[in-house]
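Engineer: Task: produce atomic coordinates for the following.
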Amino acid sequence: MPQLRVVLIKPSKYAIDGSVERFKKGYMPNATLWHIASLTPDRIGDAPITVHTVDEYVWQDLDYLRLLHHDPDVTTLVALVGVQSHQFHRALDLTAYARHHGVRHCVIGGPHAMTCDTSSLQGRGVSFALAEAELIWREILEDALAGELQPVYGANQRWAKQLPSVVINPPSPSDLTRYGAPILGLYPVRGCPYQCNFCSVIKISGQQVRSPDIESTLESLRRAKRGGVKIIKFVSDNFNKFPQVRELLQAMIDECFDLPFYCQCDSQIAKDPELVELLGRAHCYEMFVGVESFNRKTLKAAKKYHNHPEHYVEIIRLCNEAGIRPHFSNIIGFPEDDEEGIRHHLDVLKTLRPRIASFYILTPIPGTEQYDDFRLAGRITERNLDRFDGSCYTWDHPNLSQAELENLLYQSYVGYYGFLLKNGKLPDDDLRFALFCRYTAGLRRHPMAGGYDRIRVDTLADYSVLRRKTYDIDFVPLPDSLRLSANDEATNRRANWRVARHREPVSLNTNC
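Structural biologist: Modelled structure (predicted):
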């Protein structure tokens, strides 16, 4: 009887020193891993299916590599999921390892495969998933059982028009112990109605905001609570754009879930105090907002028209009143930035005093509009995709050198959290996090990398020979972006009316 063993891996990345980035404890679970595991049926026809899940960021040994060896009694499918550009080399190396050890079926999916041209790597023993898993995962499973994968899946349609209801099963108790707290990530909504030129979300999920029936999210929460999960991370990018968000939150209150949760909202949340209050009553403990800049001209140039810096203080006020920890995400190194402007940004941030602040260097992420513009203009200087992670200098900035910009990144963390530690008593959780961020940034390690206490288990050198043998490359050349299909263009057109509501002309005379 045929059997299928599915090995789902969220790959890590290669750090600057060549090591595979791993941590003793993680604090941001990968939602895609458990989503695809829950999409996988127990059997197809007469063939039973077993699923193994690996989040490399929090795996402290190499035992899971044995799953990437051929087993004559089962058909093995190795799927690298949620692969971003800075994780793409690691994903290729794991498929090369699996192929070397006799596994015939390997597939890479996620943002990079969905938005970047991988044609030069096709036909070398690995397939690429160019669409959301709901559209293609069943076909991939069936093809693996039949004996041969196609080179690509989902080339004609990147996004499902309607998301099916999928109930997410929580990680096992042993997997939950790999994180600082028993935690699960969920996607209750996908898509973004905006057009920020530096962001990959609209390329990955489209501009049409889509969500499954909320009952599937509620049942996922019930299973999470029964399974020992203590914290939920709603990792959707615009939780406040979820059409049924109030209904979901009220149901969570009525059922007394008492599961603290994190969510991401756009800055328009400042105009919806009733929703913020409801979020607080439903036990939202942290709200992530991409404020990015305090310069309205900079925001407009990046097509982030919906951000109005004068509204940021209202977000802080509403969150504090609702008992929610505001988390402001900041980008430094926009083309207009210089050292004085970045230091001024930090000073303004200190006056607002969000309880959590994160900082990233502007990165032209492959597949985005900004990447295409910068590449066409010859501005991208970095050739190693591992460095496109928001912490490295990747393009020729007009005002700042690599050393200056990377120094400013870590100085922003040290300066902001040093300010919080010096000025006023912090709640215990905030105190621990402030100390962690200040200490980690002082070591020139990005505090938001995904976990605590780095460990070194394996390195690029352990896989580089296999990479050359399998793909005939040392590094993947910078890719072209994939154009949207006619189906995807039509999906975006249906959502464009939302974008138009926030579009404003860029005024060169506007500084606030």
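Engineer: State whether H306 and Y194 are indeed in contact, as I suppose.
Structural biologist: Yes. Here H306 reaches Y194: they are 5.8 Å apart, a contact under CB atoms under 8 Å. Using the backbone N, CA and C atoms, a C-beta is placed for each residue, glycine as well.
Engineer: Could you check which of those two is surrounded by more residues?
Structural biologist: Between H306 and Y194, counted using other CB atoms under 10 Å, Y194 has the larger neighbour count: 22 against 19.
Engineer: can you list the weak-confidence ranges in the chain?
Structural biologist: For the chain, the stretches flagged by pLDDT under 70 are 1, 496-512.
Engineer: mind listing what's buried in the longest helix seen in it?
Structural biologist: Longest helix of the chain, by residue count under DSSP state H: helix 402-422. Within helix 402-422, the residues that count as buried by 16 or more other CB atoms under 10 Å are 404-406, 408-420.
Engineer: what residues does it touch?
Structural biologist: With contacts defined as CB atoms under 8 Å, 6 or more residues apart in numbering, helix 402-422 is touched by 330, 332-333, 339, 342-343, 346, 349-350, 353, 355, 357, 359-361, 391-393, 397, 400, 426, 430-431, 434-435, 437-438, 440-442, 444, 446-447.
Engineer: CA-only coordinates of that helix, as CSV, when you get a sec.
Structural biologist: These are the backbone C-alpha positions of helix 402-422, laid out as CSV (Å, rounded to 0.1, in the frame of the first residue of the first chain):
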residue,chain,number,x,y,z
GLN,A,402,27.0,51.0,5.1
ALA,A,403,28.8,51.5,8.4
GLU,A,404,26.8,54.6,9.2
LEU,A,405,23.4,53.1,8.4
GLU,A,406,24.0,49.8,10.2
ASN,A,407,25.4,51.7,13.2
LEU,A,408,22.3,53.8,13.3
LEU,A,409,20.1,50.7,13.3
TYR,A,410,21.7,49.3,16.5
GLN,A,411,22.1,52.7,18.0
SER,A,412,18.3,53.3,17.6
TYR,A,413,17.6,50.1,19.6
VAL,A,414,20.2,50.9,22.3
GLY,A,415,19.1,54.5,22.5
TYR,A,416,15.3,53.9,22.6
TYR,A,417,15.4,51.0,25.1
GLY,A,418,18.0,52.8,27.2
PHE,A,419,15.6,55.7,27.3
LEU,A,420,12.7,53.5,28.5
LEU,A,421,14.9,51.8,31.1
LYS,A,422,16.1,55.2,32.5
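Engineer: And the next helix or strand past it?
Structural biologist: Next in sequence after helix 402-422, counting helices and strands by DSSP states H and E, comes helix 428-442.
Engineer: Which helix or strand lies directly C-terminal to that following helix?
Structural biologist: strand 451-455.
Engineer: what's next to that following strand, contact-wise?
Structural biologist: Here strand 451-455 makes contact (CB under 8 Å, 6+ apart) with 21-28, 57-58, 60, 180, 436, 445.
Engineer: what does stretch 325-332 give?
Structural biologist: By CB under 8 Å, 6+ apart, the list of residues contacting stretch 325-332 from outside reads 198, 285-293, 312, 315-316, 319-320, 342, 345, 349, 352, 354-362, 405, 408-409, 412, 430.
Engineer: how does it look with 6 Å?
Structural biologist: 286-292, 316, 319, 342, 354-360, 362, 408 (CB atoms under 6 Å, 6 or more residues apart in numbering).
Engineer: Of the contacts of strand 451-455 - the most surrounded one?
Structural biologist: These, ranked by neighbours (other CB under 10 Å): first place V58, 26 neighbours.
Engineer: my guess is that residue meets R178, correct?
Structural biologist: Yes. Using CB atoms under 6 Å, V58 is in contact with R178, at 4.0 Å.
Engineer: thinking again about what came up before, which of the contacts of strand 451-455 sits closest to R158?
Structural biologist: Among the contacts of strand 451-455, M28 lies closest to R158 (CB to CB), at 24.8 Å.
Engineer: Quick check: the closest residue in space to the closest one that isn't next to it in sequence vs A181, distance?
Structural biologist: Distances taken as CB to CB, 6 or more residues apart in numbering put G450 closest to M28, at 5.3 Å, once the chain neighbours are dropped. From G450 across to A181, the span is 14 Å (CB to CB, to the nearest Å).
Engineer: what does P326 give?
Structural biologist: Taking CB to CB, one finds P326 at 20 Å from A181.
Engineer: more crowded one of these two?
Structural biologist: P326 (25 against 12).
Engineer: wait, is that one part of a strand?
Structural biologist: Yes. Assessed with DSSP: H, G, I helix; E, B strand; the rest coil, P326 lies in a strand.
Engineer: from now on call the first residue 22
Structural biologist: With 22 as the first residue, the last one maps to P347.
Engineer: distance between the ends of stretch 496-510?
Structural biologist: 32 Å (CA to CA, to the nearest Å).
Engineer: which residues touch that stretch?
Structural biologist: With CB under 6 Å, 6+ apart, stretch 496-510 has contacts from T136, C137, D138, N177, Q178, R179, P387, G388, D393, N405, L406.
Engineer: Contacts only, for the fourth one.
Structural biologist: Spelled out, it's N177. Per CB under 6 Å, 6+ apart, neighbours of N177: S506.
Engineer: What does it show for phi and psi?
Structural biologist: In terms of degrees, to the nearest 10, the main-chain angles of N177 are phi -100, psi -10.
Engineer: gap between it and I161?
Structural biologist: 16 Å.
Engineer: Likewise for the last one?
Structural biologist: Applying CB to CB, the value for L406 to I161 is 24 Å.
Engineer: between the two, which one's more packed in?
Structural biologist: The residue with more neighbours, out of L406 and I161, is L406; 26 against 22, by other CB under 10 Å.
Engineer: show me what contacts P385?
Structural biologist: Q391, Y392, F395, W416.
Engineer: ranking those residues by neighbours, who comes first?
Structural biologist: Most surrounded of the contacts of P385: other CB under 10 Å gives Y392, at 28 neighbours.
Engineer: Could you tell me how far the nearest residue to that one once chain neighbours are set aside is located from G201?
Structural biologist: What sits nearest to Y392 in space, not counting adjacent residues and going by CB to CB, 6+ apart, is P385, at 4.1 Å. Distance of P385 to G201, computed by CB to CB: 32 Å.
Engineer: and what of A322?
Structural biologist: Using CB to CB, we find A322 at a distance of 38 Å from G201.
Engineer: I'd like to know how many residues surround R374.
Structural biologist: 17.
Engineer: cool, and E153?
Structural biologist: 21.
Engineer: just K371 next, same as before
Structural biologist: 15.
Engineer: Does it lie in a helix or a strand, and which?
Structural biologist: In this structure, K371 sits in helix 360-373 according to DSSP H and E.
Engineer: Kindly calculate the angle that that helix makes with helix 423-443.
Structural biologist: 20 degrees (axes from the mean of the first three to the mean of the last three CA atoms, to 10 degrees).
Engineer: List the strands paired with the helix or strand just after helix 360-373, with their directions.
Structural biologist: Following helix 360-373 in sequence order, the next helix or strand is strand 377-382 (DSSP H and E). Strand pairing for strand 377-382, determined by DSSP bridges: strand 346-353 (parallel).
Engineer: Quick check: beta-bridge partners of F282?
Structural biologist: Assigned bridge partners for F282, using DSSP bridges, are I253, C305.
Engineer: Might you report the residue contacts of it?
Structural biologist: Residues in contact with F282, defined by CB under 6 Å, 6+ apart, are I253, F255, C305.
Engineer: count of residues packed around the last one?
Structural biologist: Here the count is done by other CB under 10 Å, and C305 has 25 residues near it.
Engineer: Please enumerate the helices of the stretch 222-371 of the chain.
Structural biologist: Using DSSP state H, counting those that start in this stretch, the helices of the stretch 222-371 of the chain run over 222-225, 235-247, 266-275, 294-302, 317-322, 333-343, 360-373.
Engineer: Many thanks, I have nothing further to ask.
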